[in-house]
Structure formats: structure tokens, C-alpha cells
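In: Provide a 3D model corresponding to the input given below.
(chains A, B, C and D)
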Protein chains: 2
Amino acid sequence: MPAGKSSPKRRSGCPLNASVEMLGDRWSLLILRDMMLRGFRSYKEFLESYEGIATNILADRLRRLEAYGIITTQPDPSDGRKLIYSLTAKGIDLAPVLAEMVLWAARHEETGNQALVRQMQKDKQQFLAAIRQRWAERTLRPGN
Amino acid sequence: MPAGKSSPKRRSGCPLNASVEMLGDRWSLLILRDMMLRGFRSYKEFLESYEGIATNILADRLRRLEAYGIITTQPDPSDGRKLIYSLTAKGIDLAPVLAEMVLWAARHEETGNQALVRQMQKDKQQFLAAIRQRWAERTLRPGN
DNA sequence: CCATCTTACTTGCGAAATGCAAGTGAAAAA
DNA sequence: TTTTTCACTTGCATTTCGCAAGTAAGATGG
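Out: Here you go, the predicted structure:
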């Protein structure tokens, strides 16, 4: 764990509680899914995602995720209006959490996106390795 | 996935969205943590847990978790006022999700309960196996 | 250069969820 | 039989959510 980063008032020191306070809402994990799996990087892309997040909630969640060090923001050099949102190392490290949540729901509910699910079931470790590698490539040469 | 169990109106068919709609709030996962790791089974125990959930929220979350098939309720044979809440197979199957959330927060935040965390880091699979086994024992002979 | 369009937001406001304090009713304990 | 305990419910103020309608800065087309 990195130096001096504890949030001021947490309900408890339990690590699960820390995760829940950062990610326990109806939108944050979906935004991270879009970044991790679909490669979304701009406000507009998140807005157009299927579940339909409201503009003010999206702006708030992006601010919060940045404040927690899960994503970062940089101006788009090719378009001054745009901001590029990207996952930090802390953010990409959430991949196993998302993966387990996807696998759990797929086992116990009737859900779509079975292609993705089967790929994850077949070899979880290499699926996660692929996600991490795509992230590393993007992070080394950020040009789209 | 078991027969005919899809909730009526979901924002999308994405399995991650299904998980988020069932568990994406500030309390559900903490209740499940208390059941899974601390062996809590009664309303009173959940209420006294460190984070301090409000009585009406607790009642609501227990109802929701039961409606989703994540926990079940049975009367306590030794005390007619009490109800015994227990994890279903679907509920205990959330253990890997909780584990990954704990490990992620422990890696990136300053959190407590390091004994638990080290145990999980040392051998995640056997940690999960132990949780499942304790659950199976309790479920076979429910007497405390 | 100017009007128009895009993008990333903010603002206002009604509705829903949350949190707190104070009940309530049934069962157990004294 | 009185008092506790337990599992809630109810009321009410505060916060968050969700939708519609702005707005400001930058890009684009003529």
C-alpha cells in the first residue's frame, strides 16, 4: 500500500468496507467495466453506454474515481474540449473484482454477453493477463 | 444458472450490471461479510456490527438479499422471537468476490485486519475452501 | 471571421433512498 | 405478572438520484 493515502473518516478500517465506500454504488463499477473491457476513455462514450447514466451523476463519479486514484484525467492533445480518462495501476488492479462479479452473476442469473463469460470461464488467468497487457500498451503509448 | 429467475426490469443484460443491481450499495456486502467471515446469523448481531447500520436499512437489505436468493430465513427453534439468517449456495458463492475486494483494498489503501489479509494473500484457494467448508458444515447440521 | 455544432460539463427540481429517533408487538426472563 | 429482549415499523429530516434544461469553451464549415 502506497504512502499516506488513508481517507479521513471511514466507517471502519475493514478492507471490504474501504472497497464498498469507494465502489459501492450503482454506477462506478459500470464505468470501470467500460474502461477496462470496451476501452472507453471519454465522457461522451460513457454517457452513450447502454445503461444510460445521467450527466451529473457521470461527472460526479468520474470526479470521485479520480479522487480515489482509480482513474486519471488528461487533456486530449487533438481536441481541446475533450478529456481522456484512463485507468491507473490501482484501477486496472480491480480487474479480478469485476471478473468475479461477472462470473458470479453468470452462474446464478440469466444474463447476456455469454461470449465474454465463456472466455472468462475457460481461462480466468489468461483473460486477466490480456486485460492487463492491453492496458500496459495503452499506457506506454497513449496515442489512442 | 437455475431456471426462470431473471428479475423483471434490469438496466441491461450485462452480468456485471446484474451484480451491481443486487449488491451495489453501501451495506449488502458488509452484511454478507459478517455472515461469511464472522458467522453472524441474527438481526441483532448485524445491528451491533462495527459500521453501525440503521434498523430500517438492515431490515430492508435482509429482505432484498432474501428476495434475490442470496440468503434464507428460518425461525429459531430455541427462541420464537429470533430469525436465523443463513447464506444460500448462491450467497456463499460470493466468497471470491468479497475476497478480491478485500485484497484490492489491502493492496491500495491503509486498512486494518491485516491478519485476515495475510491469510488470504498466502493461499487464496485454501482460504476460500475453508469458508465453503464451514458453511457446508453449518448447513448440514444447522444447530448453531 | 462568424455562425453553428460538439463536448463536457452545471443547475434546478421532484422523487427516491438514507439515517436517526422513537415507537410497537410478540416472546422470553425474572 | 412485570420487565426485558428481539425484530422489526413509522415519521421525519437530510442526502442522493435522475431527468431536463442550460452554459462555456473549443472545433468545424463556409
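In: list the contacts for A:Met36?
Out: Taking CB atoms under 8 Å, 6 or more residues apart in numbering or on different chains, we find A:Met36 in contact with A:Leu87, A:Ile92, A:Leu94, A:Ala95, A:Leu98, A:Ile131, A:Trp135. Bear in mind the C-beta positions are built from the backbone N, C-alpha and C, glycine included.
In: Those residues in helices, which ones?
Out: A:Ile92, A:Ala95, A:Leu98, A:Ile131, A:Trp135 (DSSP state H).
In: returning to that earlier point: which ones, among the contacts of A:Met36, also lie beside chain B?
Out: Among the contacts of A:Met36, the ones lying near chain B by CB under 8 Å from any CB of the partner chain are A:Leu94, A:Leu98.
In: Tell me which two of the contacts of A:Met36 sit farthest apart.
Out: A:Leu98 and A:Trp135 (12.9 Å; CB to CB).
In: which of those two has more neighbours?
Out: A:Leu98 (24 against 21; other CB atoms under 10 Å in any protein chain shown).
In: Might you list the low-confidence residue ranges for chain A?
Out: Applying pLDDT under 70 to chain A picks out residues A:1-8, A:141-144.
In: can you pull out the helices in it?
Out: Counting by DSSP H, the helices of chain A are A:15-23, A:28-37, A:43-47, A:55-67, A:89-92, A:95-108, A:114-122, A:124-140.
In: among those, which is nearest B:Asp25?
Out: Smallest distance to B:Asp25 across the helices of chain A (CB to CB): 8.5 Å, for helix A:15-23.
In: list the helices and strands that closest one packs on?
Out: helix A:28-37, helix B:28-36, helix B:95-108 (3 or more CB pairs under 8 Å, 6 or more residues apart in numbering or on different chains; DSSP states H and E).
In: In JSON lines, list the ones you listed along with distance to B:Met120.
Out: Formatted as JSON lines, those follow (distance: least, CB to CB, whole Å):
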{"stretch": "helix A:28-37", "distance to B:Met120": "21"}
{"stretch": "helix B:28-36", "distance to B:Met120": "12"}
{"stretch": "helix B:95-108", "distance to B:Met120": "6"}
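In: Let me have those in TSV, adding distance to DNA strand C as columns.
Out: Formatted as TSV, the helices and strands packed on helix A:15-23 follow (distance: least, CB to the nearest atom of the strand, whole Å):
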stretch	distance to DNA strand C
helix A:28-37	12
helix B:28-36	9
helix B:95-108	18
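In: between the ones you listed, which gets nearest to B:Arg61?
Out: helix B:28-36 (5.5 Å).
In: Quick check: of the ones in helices among the contacts of A:Met36, which lies closest to chain B?
Out: Nearest to chain B among the ones in helices among the contacts of A:Met36 is A:Leu98, at 6.2 Å by CB to the nearest CB.
In: got a list of what the closest one touches?
Out: Counted by CB under 8 Å, 6+ apart, A:Leu98 has contacts A:Leu29, A:Leu32, A:Arg33, A:Met36, B:Leu16.
In: Can you name the residue of chain A nearest to DNA strand D?
Out: Relative to DNA strand D, the nearest point of chain A is A:Gly80 (2.7 Å; CB to the nearest atom of the strand).
In: how deep is that residue tucked in, by neighbour count?
Out: 8.
In: Contacts only, for it.
Out: Contacts of A:Gly80 (CB under 8 Å, 6+ apart): none.
In: ok, now which ones touch the residue nearest to the spatial centre of chain A?
Out: Centroid-nearest residue in chain A: A:Leu32, 1.8 Å away (criterion: CA atoms, centre = their mean). By CB under 8 Å, 6+ apart, A:Leu32 lies in contact with A:Leu23, A:Leu65, A:Ile70, A:Ile71, A:Leu87, A:Gly91, A:Leu94, A:Leu98.
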